[in-house]
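S.K.: sharing a sequence plus its predicted fold:
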Amino acid sequence: AAAGAPLLTKGHGGASTTVSVEIAEGKTITFETGVMGKQANGAVMTTCGGTIVYSTACATEDPGDFDFCPLRVDYQERFSAAGLTKGGFIKRDGRPSDDEILVSRLIDRPLRPMIAEGWTHDTQLLSWVLSYDQKTVPNPLSVCGCAAALAVSDIPLVKPVAAVQLGMHPDTLDFIVNPTREEFAVSPLNMMLAGTAEGVLMIEGEGDFLTEAQMVAAVQAAHDAVKKICAAIGELAEKTGRPKVLNTLQVIPPELKEKLNAAVGDGVASMLKMTDPEAGGQDTFVARAEMKSLTAQAIDGFAEEYGTNVVKVAFKKLCSTKMREMVRDTGRRCDGRAVDEVRPISIDVGVLPHTHGSSVFTRGETQSLATVTLGDGSMNMKGENLDGQTAKRFYLQYSFPPCSVGEVGRTGAPGRREVGHGNLAERALVPGVPKENEFPYSMRVESLITESSGSSSMASVCGGSLALMDAGVPMSRVIAGVAMGLILDEDGGDDEPLVLTDILGIEDGLGTMDFKVAGDESGISTFQLDIKCEGLAVETLERALEQARQGRLHILEQMQAALPGPRTELPSTVPKMISLAVPVSSIGKVIGPGGKTIRAIIEDFELQGLDVGEEGAIAVSGFNVTKMEQAKAFIEKMTAEAAPKPSYDGPFPEEGRIFRKCEVVSVKNFGVFVSLGDEFPGLEGLVHVSELHTERIRNINGFVKEGQRIDVKCLGMADGKLKLSRKAVFETAAAGK
């Protein structure tokens, strides 16, 4: 659009426009616009199989006072999409789950850098799953749908963006584009990749310790599919898209860059070296103060002419340029390290005496205090989504308090960033966690970031791995993580991309790429990439992966020196666990009405917990092994399948006869069965609960026990069964007979 184009106008006219693209055999994605949400700046229905996602893009008419793009993304899985209703008392879909927050981040990360620089209108992307076929995963469709909504709107998306998920066949190792739920369940790879037709913007996923070569091949396969979808979105935009609003962009004038460089360029160059030991080795806080001073100097000198926000953006670009020039010319970074050097590492394990496992992992100025808690199935993380109820026996929770960077701020419920970082660290450790049949405990890892200057999520991976081993969890692998950075020549020069190992906070903020990789010596368990430019070449990614492998090996060496492997014994503070199995038909007996029986077992045998699974697996936990064994024996006896009793073919007692001290064989909710002794061997009769006493009995289990002896009176036969009464004995005695 030419300068002076009108401000944002809402509404689509005309009929439906659709574009379809086949990304793999039998998998076609269809984009439709023009029917739904015509008052939004852009609205698209994205369909694949029976899964339908509705996505919209809206922006305010006037730009805001920002030096960044104020983008908000919200993704929601409507339970009605799968014919479900939310559990609990509140049936309305409301607060986003962790899974929905993670998908919102997946949408945000590749689209934010592709909105034109200088766009400051408040912008919101919304995406709802309207129909779910239990097969087609909606996550990549939501990214594509939001990208298509931006493409057909007048919000200035630089070029089409698309995303796919990639899996791998467990036997042939062939790649599968957008696998079904069933295919994901057995896939050794789960990767989400987003990008443009020219390059990669985002990677997120995990693998079963895949090699770097397999990772590069996976990226190439996923990007080939992304290219097809980008072409389809571009076609949709050509057919229905509106002119982009460009006249409100806050563009940096070329002369401002030159003026800033002349005014504060030397100061920025000196500030970037302040933490280098050879340049004085100043504290990080001193460098931060100098950065604030230089920023204020730039604003004071040029804000009146160019505007405060434009000056802030230009100043940040100047800092990026100076950092790139410093690394390129000297081979040294802000703290004096070489490009492939990891910061000094210190490790302490077992630092908290009453936790089940703990560690402090420090790398430079980034520090994680990790703790582990072990328990039974009642400690599982439970949730619900479109596939039904979920339960995780291993999970990691990440906390990033403001004090970790010397600031003041709110604490409480985790923010989106904390949810994302915790999920990344959790996925890194999952492949090394023992299976339930090998280690029956549930495991909760907490990572409290006590200091941060770059890659606290990877510190959480290292600290979490050490804490799990300190707790005696038999981890199959020692797992470490490292964050990589990339500095590109954003001025259009031909400088070779600079790949940095173990990036600092300032390198993360001023660099072009943040690439986190975790795994062990043999391969990769999880990975995450975000890039701020228009796309990353696969060749550069290959270099970064190899450099990350070298950094990971160095960190693993330090970790194994501190703790070579898992402790051979569980700490005394961990409840012991005994497992057994009962027939599914007997689960009700163990639980009892309203949970009464299970609570009684826990109390009588002094247990910590008694977890009963849907398939009859039972976990008994406690600190007194003798009591636990007794509880196990009690449950086995209670649920034992009784041998079929031989049919009684002898004589029956005469009606009205009283039998003394008859043994109670079994107690049921409706009454008790009583044996009539040696005179009638094998004959049992029922004393109904109403016949046990002259007064009403509210709780039969508390009134009579198995093995107890009672007097009963024969009431005769009914429907081929012997009926007995204890109440009749009392009534006979009262009558004096």
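M.R.: Nice, thanks for sending it over. Numbers count the residues shown, from 1 in each chain.

S.K.: so where's the chain uncertain?
M.R.: Low-confidence segments of the chain, defined by pLDDT under 70: 1-14, 279-281, 490-495, 535, 641-646, 737.

S.K.: tell me which residue lies nearest the centroid of it.
M.R.: Nearest to the mean C-alpha position of the chain, by C-alpha atoms, centre = their mean, lies Asn423 at 4.0 Å.

S.K.: looking at this, it is in a helix?
M.R.: Yes - with DSSP: H, G, I helix; E, B strand; the rest coil as the criterion, Asn423 is part of a helix.

S.K.: give the contact list for it.
M.R.: Asp98, Leu102, Leu396 (C-beta atoms under 8 Å, 6 or more residues apart in numbering). Using the backbone N, CA and C atoms, a C-beta is placed for each residue, glycine as well.

S.K.: in strands only, show me those.
M.R.: Counting by DSSP state E, the part of the contacts of Asn423 found in strands is Leu396.

S.K.: a markdown table for the contacts of Asn423, including neighbour count?
M.R.: Shown next, in a markdown table, are the contacts of Asn423 (neighbours: other C-beta atoms under 10 Å):
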| residue | neighbour count |
| --- | --- |
| Asp98 | 17 |
| Leu102 | 19 |
| Leu396 | 27 |
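
S.K.: among the contacts of Asn423, which one sits closest to Ile29?
M.R.: Among the contacts of Asn423, Leu102 lies closest to Ile29 (C-beta to C-beta), at 21.4 Å.

S.K.: any figure for the gap between the closest one and Thr371?
M.R.: As judged by C-beta to C-beta, to the nearest Å, Leu102 and Thr371 stand 23 Å apart.

S.K.: then Ala213?
M.R.: Separation of Ala213 from Thr371 (C-beta to C-beta): 36 Å.

S.K.: the two: who's more crowded?
M.R.: Higher neighbour count among Ala213 and Thr371: Thr371, with 21 against 12, using other C-beta atoms under 10 Å.

S.K.: how about the secondary structure of that one?
M.R.: Here Thr371 is recorded as strand under three-state DSSP.

S.K.: what does Lys227 give?
M.R.: Using three-state DSSP as the criterion, the local structure at Lys227 reads helix.

S.K.: ok, back up a step: just the closest of the contacts of Asn423 to Val729, please.
M.R.: Distance to Val729 across these (C-beta to C-beta) is lowest for Asp98, with 63.1 Å.

S.K.: the closest one touches Glu418, doesn't it?
M.R.: No - Asp98 is beyond contact range of Glu418, at 10.2 Å (criterion: C-beta atoms under 8 Å).

S.K.: quick revisit: the residue nearest to the centre of the chain and Val689, how far apart?
M.R.: 54 Å.

S.K.: swap in Glu258?
M.R.: Per C-beta to C-beta, Glu258 is found 96 Å from Val689.

S.K.: and what of Pro651?
M.R.: In this view, Pro651 and Val689 are 28 Å apart by C-beta to C-beta.

S.K.: so which of these two has more stuff around it?
M.R.: Val689 (19 against 9).

S.K.: Pro681 versus the residue nearest to the more buried one when sequence neighbours are not counted, what's the distance?
M.R.: Closest residue in space to Val689, ignoring its immediate chain neighbours: Gly671 at 4.8 Å, by C-beta to C-beta, 6 or more residues apart in numbering. Per C-beta to C-beta, Gly671 is found 22 Å from Pro681.

S.K.: these two: which is more packed in?
M.R.: Remark: of Gly671 and Pro681, Gly671 carries more neighbours, 20 against 10, as counted by other C-beta under 10 Å.

S.K.: which residues in the stretch 601-737 of the chain form strands?
M.R.: Taking DSSP state E, counting those that start in this stretch as the criterion, the stretch 601-737 of the chain carries its strands at 609-612, 617-622, 658-668, 671-675, 684-688, 709-718, 721-725.

S.K.: dump those into JSON lines; add distance to His356 as well.
M.R.: Listed next are the strands of the stretch 601-737 of the chain as JSON lines, based on distance: least, C-beta to C-beta, whole Å:
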{"stretch": "strand 609-612", "distance to His356": "15"}
{"stretch": "strand 617-622", "distance to His356": "13"}
{"stretch": "strand 658-668", "distance to His356": "40"}
{"stretch": "strand 671-675", "distance to His356": "45"}
{"stretch": "strand 684-688", "distance to His356": "50"}
{"stretch": "strand 709-718", "distance to His356": "49"}
{"stretch": "strand 721-725", "distance to His356": "54"}
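
S.K.: for Thr172, the count of nearby residues, please.
M.R.: Other residues near Thr172 number 7, with proximity taken as other C-beta under 10 Å.

S.K.: might you report the residue contacts of it?
M.R.: Per C-beta under 8 Å, 6+ apart, neighbours of Thr172: none.

S.K.: could you do the one 3 residues further on as well?
M.R.: With contacts taken as C-beta under 8 Å, 6+ apart, Phe175 has the following neighbours: Leu166, Gly167, Met168, His169, Leu189, Ala217, Ala218, Ala221, Ala222.

S.K.: hmm, Asp224 and the first one touching each other?
M.R.: No - at 10.3 Å, Leu166 does not count as touching Asp224 under the criterion of C-beta under 8 Å.

S.K.: neighbour-wise, which of these two wins?
M.R.: Neighbour count, other C-beta under 10 Å: between Leu166 and Asp224, Leu166 has more, with 24 against 13.

S.K.: from Gly118, how far off is Lys244?
M.R.: Taken as C-beta to C-beta, the span from Lys244 to Gly118 is 12 Å.

S.K.: likewise Asn178?
M.R.: Distance of Asn178 to Gly118, computed by C-beta to C-beta: 34 Å.
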